[in-house]
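[1] Quick one: sequence plus predicted model below, questions after.
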Amino acid sequence: MVLNPVISKLSGKLVVLASASPRRLEILRNAGLRFEVVPSWFKETLDKGLFKAPQEYAVETAKQKALEVARRMPFKHLKTPDIVIGADTIVTVDGMILEKPVDKHDAYRMLSSLSGKEHSVFTGVAIVLCHEKENEEVDYQLVDFYEETKVKFADLSEDMLWEYINSGEPMDKAGGYGIQALGGMLVEYVHGDFLNVVGFPLNHFCKQLDLIYNHSTSASDRECASVHLSHNGTLTTSVLTQPTSPNLPPQPSRSPNSPAKHNSSPNPRPNSPSASQTHHTHDGPLCSPVHKVSISLPTRQVMALNVTEHEDSEPKKEDLQRITGLMDGFKASKALFTASKLCVFDLLQSRPGLDASQVAHEIKASVKGTECLLEACASLGLLKSKERTSQKPVYENTDLAVRFLRSDAPFSLHGYIQHCNNTVWPLFSHLESAVREGRWKKWKKMFYRCYFSFLSVTHVKLRFMSAMHSIAKVTGKSVATAFDLSGYKTACDLGGCTGAMAYEFTKAHPGLSVIVFDLPAVVEMSEHFHPPHTDNRVSFVAGDFFKDELPKADLYILARILHDWPDEKVHILLSKIADACTPGCGLLISEIFLDEDRGGPSRGLLQALSMSEGKQRSATEYSLLLKSNGFITAHVRHTDNFLDAMLCNKV
Ligand SMILES: C[S@@+](CC[C@H](N)C(=O)[O-])C[C@H]1O[C@@H](n2cnc3c(N)ncnc32)[C@H](O)[C@@H]1O
């Protein structure tokens with residue numbers, strides 16, 4: 001007798017548990033599931049620093065474990081399983097991931113870090129559905145999810161800690177404790193699924209099986225669609241190959257060699273509440289030559305294909321809003337650029353409560369045009385309008401405008417907005433030609449003048465520097481505080497432009513001095529951006545980082561530099577830095593890191609549209625470039641600001 005009907009759906013199928021954990025085995029056996037145990041050979045060596053969130057690491061490990069078994073069985077066991085279940089449990093506390101302790105001291109370190117605190121237990125689970133085809137190929141579909149449970153430990157005395165460690169129980173358990181046995185005595189409370197802490201989130205697993213077997217897929221559909229309960233519980237379905245169900249819109253089937261399909265939402269945000277998962281058919285390193293693998297990627301932005309909707313069904317409001325937002329996006333940008341250029345936000349900061357004709361008079365523009373511009377800005381949340389009794393509306397800045405749009409705000413983006421208006425906007429009006437021709441050079445020459453020509457035109461140079469300055473001021477603190485840099489005394493910010501980033505570093509690290517190294521034409525203008533002697537720990541050196549000797553430092557900073565250059569140039573620069581470094585020297589890279597599947601973030605991908613020589617890269621791509629120049633990546637941080645950061649060390 002099985003309580004959950006979905007478990008009985010698996011009877012007669014070859015279900016494999018890709019884990020040797022006796023606790024998982026017991027949980028699934030007790031639930032009435034019949035399965036074989038084939039422990040995975042996958043080595044749990046994924047670089048934790050490359051994941052945005054710890055649960056993504058657990059999910060990815062679970063996936064790799066399950067896929068390894070699913071791929072091995074047809075060869076080594078001469079049978080193809082129907083389902084392979086992989087799982088990985090981790091404990092996180094204070095931003096650290098705790099797995100199994102390697103020895104007693106490691107167990108002590110883990111348990112003392114949990115003492116008196118609440119921590120999270122994540123189990124990532126991957127379910128691989130294997131479909132054997134007539135030609136003996138196997139199609140793999142992957143559904144993954146995770147469960148989080150919060151656990152609070154009591155304050156543990158040294159005696160208690162060592163007594164528990166000496167019991168031997170901590171050694172094979174994530175976080176160094178087993179809640180189902182002696183370790184239960186350490187726990188003050190549990191919020192969430194208890195079995196998840198033991199090692200397997202049975203309830204969530206059954207819900208997933210229910211979705212797979214009861215809600216969306218008939219046997220024939222199963223070859224076309226895989227069902228996901230995204231981490232926030234939203235049901236989405238991704239179509240993989242030509243559907244047979246009348247409910248599914250026809251999709252072009254993809255050969256194993258065709259590119260993976262990305263359905264990007266216009267405003268992707270990893271881990272956003274709308275995030276769901278996507279499936280890819282790919283021939284990457286995970287696939288053996290004869291096996292086609294459909295991989296679901298980590299929690300991603302993906303605009304889910306709604307399989308219940310036909311192309312002629314009534315459009316949904318949110319779909320229309322999304323499309324309209326994209327179609328009108330350029331109008332909104334240009335309204336912002338124009339209001340910023342005409343100094344509307346500065347005017348309303350010093351004189352709030354002006355009506356359209358007063359604003360028009362001050363900015364020397366037409367009343368009609370100004371009225372439209374102010375109304376548009378108010379609709380975009382940049383201005384607030386108030387009805388003046390029986391008269392025309394009056395305007396003032398919203399908090400957003402106060403913080404970012406007035407030109408003298410500490411986090412003003414005015415400089416960057418003007419750069420977008422004067423340089424990026426005209427450039428993008430030639431996007432179609434650039435896409436057709438595969439190069440921007442012609443257009444860049446006309447509008448952008450690239451570095452080497454812009455440097456001779458003072459106002460263009462100042463505008464560019466001002467754009468860099470404004471972004472660096474907004475992002476600088478997040479980058480400067482992304483890592484513990486207390487061990488470094490001297491830094492050199494290569495291509496440090498106005499020094500805005502360098503000042504954030506000295507502010508955040510009292511023991512650090514920073515040399516800003518940039519082209520002579522840039523260094524000579526840097527004082528326009530700072531009052532003299534703002535901080536005597538920041539100094540400027542003029543030079544060319546490809547040709548000249550680099551100043552000595554124990555930390556080098558490359559913020560928004562590498563994306564400007566192709567791999568060959570990046571190698572030249574990195575090898576010059578490597579030569580200047582002594583072992584142990586640090587190198588901090590700050591860029592937008594593309595997601596590993598290159599599905600986002602769209603800021604990075606949209607910026608890539610205007611690149612001629614350079615390119616946007618993922619954290620792994622940067623790590624590989626660095627590694628081949630003798631740098632080992634120590635940490636990666638996604639800062640939630642414009643830029644991400646990576647800290648490497650010279651070996
Ligand atoms: C995209 S900006 C980044 C500025 C700054 N790192 C930041 O994050 O705000 C690129 C900077 O690299 C500088 N640069 C470009 N080529 C250079 C070279 N060969 N040597 C030194 N600096 C260079 C530019 O002058 C510019 O200041």
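    Sure, I can see it. Residues are numbered from 1 along each chain as shown.
[2] Can you list the buried residues in stretch 517-530?
    Within stretch 517-530, the residues scored as buried using 16 or more other C-beta atoms under 10 Å are 517-519, 521-523, 525-526, 529-530. Glycine gets a C-beta too; all of them are placed from N, C-alpha and C.
[3] In a markdown table: the residues you listed, plus pLDDT and secondary structure.
    Shown next, in a markdown table, are those (pLDDT from 0 to 100; DSSP: H, G, I helix; E, B strand; the rest coil):
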| residue | pLDDT | secondary structure |
| --- | --- | --- |
| Phe517 | 98 | strand |
| Asp518 | 97 | strand |
| Leu519 | 95 | coil |
| Ala521 | 90 | helix |
| Val522 | 93 | helix |
| Val523 | 94 | helix |
| Met525 | 90 | coil |
| Ser526 | 90 | helix |
| Phe529 | 88 | helix |
| His530 | 78 | coil |
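[4] who in the stretch 401-550 of the chain is up against the ligand?
    Residues of the stretch 401-550 of the chain lying near the ligand by C-beta under 6 Å from any ligand atom: 451, 468, 472, 495-497, 501, 518-519, 522, 544-546.
[5] Weed out the non-buried ones from these.
    So, by 16+ other C-beta under 10 Å, the buried ones in those are 468, 472, 495-497, 501, 518-519, 522, 545.
[6] Pull the most distant pair out of the residues you listed.
    Ala472 and Phe545 (17.3 Å; C-beta to C-beta).
[7] Need the max-distance pair from the residues of the stretch 401-550 of the chain next to the ligand.
    Top of the distance list for these (C-beta to C-beta): Ala472 and Phe546, 21.6 Å.
[8] Surely Phe337 is in contact with Trp425?
    Yes - using C-beta atoms under 8 Å, Phe337 is in contact with Trp425, at 6.9 Å.
[9] More neighbours: which of these two?
    Neighbours per residue, other C-beta atoms under 10 Å: of Phe337 and Trp425, the larger number sits with Phe337, 18 against 15.
[10] list the buried ones in the longest helix along the chain?
    Counting residues, the longest helix found in the chain (DSSP state H) is helix 317-341. For helix 317-341, burial by neighbour count (16+ other C-beta under 10 Å) applies to 333, 335-340.
[11] With pLDDT added, can I get these in a markdown table?
    Converted to a markdown table, those look like this (pLDDT from 0 to 100):
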| residue | pLDDT |
| --- | --- |
| Ser333 | 97 |
| Ala335 | 98 |
| Leu336 | 98 |
| Phe337 | 98 |
| Thr338 | 97 |
| Ala339 | 98 |
| Ser340 | 97 |
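[12] Make TSV from those residues and add distance to Gly49 to it.
    What follows is the buried residues of helix 317-341, written out as TSV (distance: C-beta to C-beta, whole Å):
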residue	distance to Gly49
Ser333	35
Ala335	41
Leu336	36
Phe337	38
Thr338	43
Ala339	41
Ser340	38
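[13] Run through the residues that contact Phe483.
    588, 635, 637, 645, 647 (C-beta atoms under 8 Å, 6 or more residues apart in numbering).
[14] gap between it and His635?
    From Phe483 across to His635, the span is 6 Å (C-beta to C-beta, to the nearest Å).
[15] any common contacting residues for the two?
    Leu647.
[16] from memory Gly415 sits against Ser470, does it?
    Yes - using C-beta under 8 Å, Gly415 is in contact with Ser470, at 3.9 Å.
[17] Skipping its backbone neighbours, what lies nearest Glu36 in space?
    Taking C-beta to C-beta, 6 or more residues apart in numbering, and ignoring the residues beside it in sequence, Glu36 has Val16 as its nearest neighbour in space, at 5.1 Å.
[18] residues in contact with the nearest residue to Leu10 once chain neighbours are set aside?
    In this structure, Leu10 finds its nearest non-sequential neighbour in Leu33, 6.4 Å apart by C-beta to C-beta, 6+ apart. By C-beta under 8 Å, 6+ apart, the contact list for Leu33 reads 7, 10, 15.
[19] Just the buried ones from these, in ChimeraX syntax?
    To isolate the buried ones among the contacts of Leu33 in ChimeraX, judged by 16+ other C-beta under 10 Å, type:
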select :7,10,15
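[20] low-scoring stretches of the stretch 401-550 of the chain, by residue?
    441-457, 531-534 (pLDDT under 70).
[21] let's see it at 80
    In the predicted model, the stretch 401-550 of the chain carries pLDDT under 80 at residues 438-460, 530-535.
[22] got a list of what the residue in it that the ligand sits nearest to touches?
    Going by C-beta to the nearest ligand atom, the ligand is nearest to Gly495 of the stretch 401-550 of the chain, at 2.7 Å. Listed by C-beta under 8 Å, 6+ apart, the contact set of Gly495 reads 517-518, 545, 558-561.
[23] repeat for Ala174
    89-91, 98-100, 121, 199.
[24] ok, which pair from those residues is furthest apart?
    Leu98 and Gly199 (14.3 Å).
[25] re the thing from before, between the buried residues of helix 317-341, which sits nearest Leu594?
    Ser333 (22.5 Å).
[26] contacts for stretch 44-61?
    So stretch 44-61 is in contact with 42, 64, 86, 88-90, 92, 97, 99, 120, 122-126, 144-146, 148, 231, 270-271, 298-299, 596, 619-620, 623, 633-636, 638, going by C-beta under 8 Å, 6+ apart.
[27] ok, and of those, which contact the ligand?
    Within those, nothing lies near the ligand by C-beta under 6 Å from any ligand atom.
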